[in-house]
Every structure is written in C-alpha cells, then in structure tokens.
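Trainee: Structure for this input, please:
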Amino acid sequence: MPLPKIINHPPLNAEHSQEEIIVTHMNADYDALASMIAAKKLYPEATLIFPGSQEKNLRNFFLNTTFYLFNFVRLKQIDLNQVKRLILVDTRQKSRIKQFLKLADRADVEIHIYDHHPDSEDDLRGQVEFIQPMGATTTVLIDILRSRGITITPDEATIMSLGIHEDTGSFTFSSTKPADYRAAAWLLEQGANHNLIADMLTRELTAEHIWLLNDLTKSARTYTIHDQEIVIAKVTSDEYSADFAMLVHKFMEMENLNVIFALAQMGDKIYLVARSRIKEVPPGRRR
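Mentor: Prediction:
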C-alpha cells in the first residue's frame, strides 16, 4: 500500500485544526504516546487528542518532564463534526476508542490506522492501514519516517525510544523483532536520551504490587499441553493497576517460566496478559 499523502492544511489557529485528529486507546501507555508523536510527523497539521485516561506511569512522565510542551488538546476542545480524517495509532479496536466510534460510522471521515496488535473481531478497517507484527507500534511508524527521510528532534527520539523499550520489555519480550532493534539504534543516532529513558522505566514495587505478585504466586497452576508447560494465574483487585503487565513479566522472570497467561479482574473488567518465550506458543500480545 502506498504511503499516505500529507495534505497541507492551513496553519493551526488558537482553536486547533478540526479536520485531522490523531488518537490512541484509553489507558494510553508510552508506546501509544510515542506513536502519536511519530504520527504527528506524518500528519503535521493534525491535532493530538488523548481519549480519556493515561496509565499512571505516563501521567508521571508528563509531571516530571517538559514533554507537556507537545501540543495535546482535550476532547472537549474539538468539534467532532468538523473532523474529516481519524488517525488511529496503537489500536484499531472499537472498544478502546469509544469517544470516537461515531466518527468511524461517518462516510465522510477517512480512517488511517497504524498498529502492531494481532487481528480481532472488534477491529475497525481503514482506507490506509499499516499493521505489522512488530514489538511496538512506534517501530511501525519509525520505518515509515525513515523511508521518507523525515527528521526528528532529540526530544522526539527520546519519547519514541521509550515507547519501544516499554512495549518490548527493553527487548526481552518474545514479540520483539529485528526491526525494533534497528528503530532503537536509529533513535539513539537522533539523540535519544538514555538516562531519561532509564529513569522513566525504573519502577519501584509498591505495597499494591507486592500483593498482586503474591496473588499471582498463590493462584499459579501449571498445565502440560502438547508437551509444553503453560502457567495460568489470576488476581482480583478493586481498582485498576496500570502496572499489571509489568508485574506479570516480573513474575515470569522470578519463576523462570516459558509461558504464562495471567487474568486480572479489576473492578468490573477482566484483563488478560500473555507472555511466551517459545515460538510454539505465540501469545499475540494484547492487554
């Protein structure tokens, strides 16, 4: 599929451009944020909008760095009736972009999708789709930026590198691809600040984390399926924990597991985190 053409709209005014918007999923993480910044390089006149909440570590990132200078706006600042192009990054699931679903049903709205997740029955379809099984959506977008010769700043390189590190577990997840390494190397050449990346990715265990790890340990059961040992564990929490995926990975390292499927009931929702080190069990990472 040909690369999307960049349409030169009039410069952004005080109320922002209403024609193109870049959005990601609810509970946005670093890869979602980095993908939005990367997509902005392809669509320079588009407006960046977070659909609802961000994960706790991402909120802390905004509080502790100057990256709030990126031009994000609130949903209430946009007149959705004026939108002509919806650019989705790091998701294409209807259930994860609820505020923007009505745009997808409009015949006059063009949908562009950039994602790295496996297919699901809940997926939207777009006129432009770049969907590749990379370790991070940021990697998918960086491949496009590099092919077009688009330059980025050291600040942009830092946040894009952060997105790749988070979604690949700093290149330890089995979903990591050679392209993720190449993208990270290129970002380092563009001035990515690894000291900041290391600081932002370092997470101390809280009392809540310890309780969840304890529940994972107690509930873990091992099953042998087609000669492969599969561990299934479950936890229950009254509140959403943005670090559950990180805790599952830590538990996997602690117990030296090859495959784990961890279920978490948090509030009125159920989340699944799957991790695998072996090619015989590709978990298709989706949270």
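Trainee: shouldn't residue 217 be in contact with residue 251?
Mentor: Yes - taking contacts as C-beta atoms under 8 Å, residue 217 lies within contact range of residue 251: 7.1 Å. Bear in mind the C-beta positions are built from the backbone N, C-alpha and C, glycine included.
Trainee: In a strand, residue 261, correct?
Mentor: Yes - assignment of residue 261 by DSSP: H, G, I helix; E, B strand; the rest coil places it within a strand.
Trainee: now the stretch 51-200 of the chain, which segments are flagged as low pLDDT?
Mentor: Filtered on pLDDT under 70, the stretch 51-200 of the chain yields the residue ranges 51-71.
Trainee: Which helix or strand contains the spatially closest residue to residue 142 that is not a sequence neighbour?
Mentor: Distance criterion C-beta to C-beta, 6 or more residues apart in numbering; nearest residue to residue 142, sequence neighbours excluded, is residue 183 at 4.3 Å. Residue 183 belongs to helix 178-189 when elements are defined using DSSP states H and E.
Trainee: circling back: residues in contact with the residue nearest to residue 142?
Mentor: For residue 183, the contacting residues are 138, 139, 142, 143, 160, 164, taking C-beta atoms under 8 Å, 6 or more residues apart in numbering as the criterion.
Trainee: now do residue 232
Mentor: By C-beta under 8 Å, 6+ apart, residue 232 lies in contact with 220, 221, 223, 260, 261, 262, 263.
Trainee: Run through the bridge partners of the third one.
Mentor: Using DSSP bridges, the bridge partners assigned to residue 223 are residue 230.
Trainee: Roughly how far does it sit from residue 262?
Mentor: 14 Å (C-beta to C-beta, to the nearest Å).
Trainee: Where does the record place the domain boundaries for this structure?
Mentor: Structural domains assigned to the chain are 20-201, 207-276, following automatic domain parsing.
Trainee: could I get those domains as a markdown table with distance to residue 282?
Mentor: Compiled in a markdown table, the domains of the chain are given as follows (distance: least, C-beta to C-beta, whole Å):
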| stretch | distance to residue 282 |
| --- | --- |
| domain 20-201 | 8 |
| domain 207-276 | 7 |
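Trainee: Give me whichever of the ones you listed is most buried.
Mentor: domain 20-201 (a mean of 19; mean count of other C-beta atoms under 10 Å).
Trainee: Span of that domain from start to end?
Mentor: When the termini of domain 20-201 are compared using C-alpha to C-alpha, to the nearest Å, they are 32 Å apart.
Trainee: Likewise for stretch 92-109?
Mentor: With C-alpha to C-alpha as the measure, what separates the two termini of stretch 92-109 is 15 Å.
Trainee: any chance you could map the helices in this structure?
Mentor: Along the chain, counting by DSSP state H, helices occupy 30-42, 56-64, 101-104, 137-148, 154-168, 178-189, 194-201, 207-219, 244-255.
Trainee: Could you export the ones you listed as CSV, including distance to residue 95?
Mentor: Listed next are those as CSV, based on distance: least, C-beta to C-beta, whole Å:
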stretch, distance to residue 95
helix 30-42, 15
helix 56-64, 20
helix 101-104, 9
helix 137-148, 17
helix 154-168, 20
helix 178-189, 26
helix 194-201, 28
helix 207-219, 24
helix 244-255, 18
